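S.K.: model the structure of this input:
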Amino acid sequence: MKNKRLVYPIIVSEYNDDGHYFVATSPNIPGMVTQGETLSEVAYWAEDAIATMIAGEDYPTPQDPTDWSLKQNERVIFVSVNMSQWLKRHSKTVRKNITIPDYLNDWAVENNVNVSRVTTEALMKLADI
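M.R.: Predicted coordinates for the structure are as follows:
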């Protein structure tokens, strides 16, 4: 998996009812809603929300926002989502049994080498992650 960076436009609505905050939605990602107290914060949470919703799926093609009708309190911002990095940070680990030569196991134990870490790093290199 190469570095998969996606850029999605989102609609950010600004509210001043129970305080000042921003809410983000995306016509590209139906059902995606998140919020933050600042534009920076809402963009951060939108990245996470988009990645969460599209992980394990074909990535939707970003829409052109020029035809979107916006309300007075709305604006379009673009959110960059690096799916490779996000998946690395949010992947659960699985237990795998591997077979290695006895002498390498002895060497790893004597040198405090974490075989799981070394294996993970080698696989990430092969996968170009």
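
S.K.: going forward, measure contacts between C-alpha atoms and count neighbours the same way
M.R.: OK.

S.K.: residue boundaries of the helices in this structure?
M.R.: Here the chain has its helices, by DSSP state H, at 39-54, 83-90, 102-110, 115-127.

S.K.: contact partners for the closest residue to Tyr21 other than its chain neighbours?
M.R.: Computed as CA to CA, 6 or more residues apart in numbering, the closest residue to Tyr21 that is not its neighbour in sequence is Glu37, at 4.4 Å. Counting by CA atoms under 8 Å, 6 or more residues apart in numbering, Glu37 makes contact with His20, Tyr21, Phe22.

S.K.: distance to Ala55 and pLDDT for the residues you listed - can I get that in JSON lines?
M.R.: Below are the contacts of Glu37 laid out as JSON lines (distance: CA to CA, whole Å; pLDDT from 0 to 100):
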{"residue": "His20", "distance to Ala55": "31", "pLDDT": "93"}
{"residue": "Tyr21", "distance to Ala55": "27", "pLDDT": "94"}
{"residue": "Phe22", "distance to Ala55": "24", "pLDDT": "95"}
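
S.K.: could you check the angle helix 39-54 makes with the lowest-mean-pLDDT helix or strand in the chain?
M.R.: Within the chain, no helix or strand scores below helix 83-90, which has a mean of 75 by mean pLDDT, DSSP states H and E. Orientation note: helix 83-90 sits at an angle of 90 degrees relative to helix 39-54 (axes from the mean of the first three to the mean of the last three CA atoms, to 10 degrees).

S.K.: now do the domain split for the chain, please.
M.R.: Listed domain ranges for the chain are 5-90, 92-129 (source: automatic domain parsing).

S.K.: so of those domains, which one's packed in deepest?
M.R.: domain 5-90 (a mean of 16; mean count of other CA atoms under 10 Å).

S.K.: from Ile50, how far out is the most centrally placed residue in the chain?
M.R.: Centroid-nearest residue in the chain, with CA atoms, centre = their mean: Trp86, separated by 3.3 Å. Trp86 sits 10 Å away from Ile50, going by CA to CA, to the nearest Å.
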